[in-house]
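Novice: Give me a 3D structure for the following:
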Amino acid sequence: MPDELSTPKDVSEYLLARTGEAMMRGDFTAFARCFSLPYEMETVDGRRRIETRSSLRLTFDAVHAHLVKQQVTLMARHCVSASFRGADEVVATHETRLISRDILVQEPYPAFSILRRSKTEDWKIAFTSYVIMDSAELNSALNA
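Specialist: Purely as a prediction, here's the structure:
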């Protein structure tokens, strides 16, 4: 983890870049390093708690398969806002655009995340709430 992550937005953008690149490459190992377990996630279909690496893998595989099916060539994500809620906790919102070549696959959707740093680990994602209103398939993949 770079030492220059001094602002909440830096932390958010760094994790967005790492997880997005890993998802697009299908690299679960790199993706998993960005999450604390247990990890909690919320969609319009409900809230769930992922407690094991194998459960995280099921969700990763389902979302990756959805992106491949939709022929997504770019997952464009950017931090909208971020702030420290303590020395080792950042709350952040971001927006995601899924693009296939030059076509927007679905409407951009927002998410809210809690990012935490422990004494022994780097910054990791502890919670995310996705607001995806136009894709039952993506919501289902997130709840795999």
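Novice: what about the closest residue to Gln70 other than its chain neighbours, how many neighbours?
Specialist: Spatial nearest neighbour of Gln70, chain neighbours left out: Val105 (5.0 Å); criterion: Cβ to Cβ, 6 or more residues apart in numbering. Just so you know, the C-beta spots here come from the backbone N, C-alpha and C atoms, and that holds for glycine as well. Other residues near Val105 number 18, with proximity taken as other Cβ atoms under 10 Å.
Novice: What does Glu107 show for phi and psi?
Specialist: The phi/psi pair for Glu107 (degrees, to the nearest 10) reads phi -60, psi 140.
Novice: That one and Asp134 touch, don't they?
Specialist: Yes. Using Cβ atoms under 8 Å, Glu107 makes contact with Asp134 at a distance of 5.2 Å.
Novice: Contacts only, for the residue nearest to Gln70.
Specialist: Counting by Cβ atoms under 8 Å, 6 or more residues apart in numbering, Val105 makes contact with 70-72, 98-99.
Novice: Next one: it from Gly86, what distance?
Specialist: According to Cβ to Cβ, to the nearest Å, Val105 and Gly86 sit 36 Å apart.
Novice: my read is Val72 is in a helix, agree?
Specialist: No. Counting by DSSP: H, G, I helix; E, B strand; the rest coil, Val72 falls outside a helix, being coil.
Novice: So which of the contacts of Val105 wins on neighbours?
Specialist: Neighbour counts for the contacts of Val105, by other Cβ under 10 Å, peak at Leu98, which reaches 23 neighbours.
Novice: which residue ranges form the strands in the chain?
Specialist: Counting by DSSP state E, one finds strands in the chain at the ranges 35-43, 46-50, 74-86, 89-100, 103-104, 109-117, 123-130.
Novice: which residues touch Thr93?
Specialist: 79-82, 110-113.
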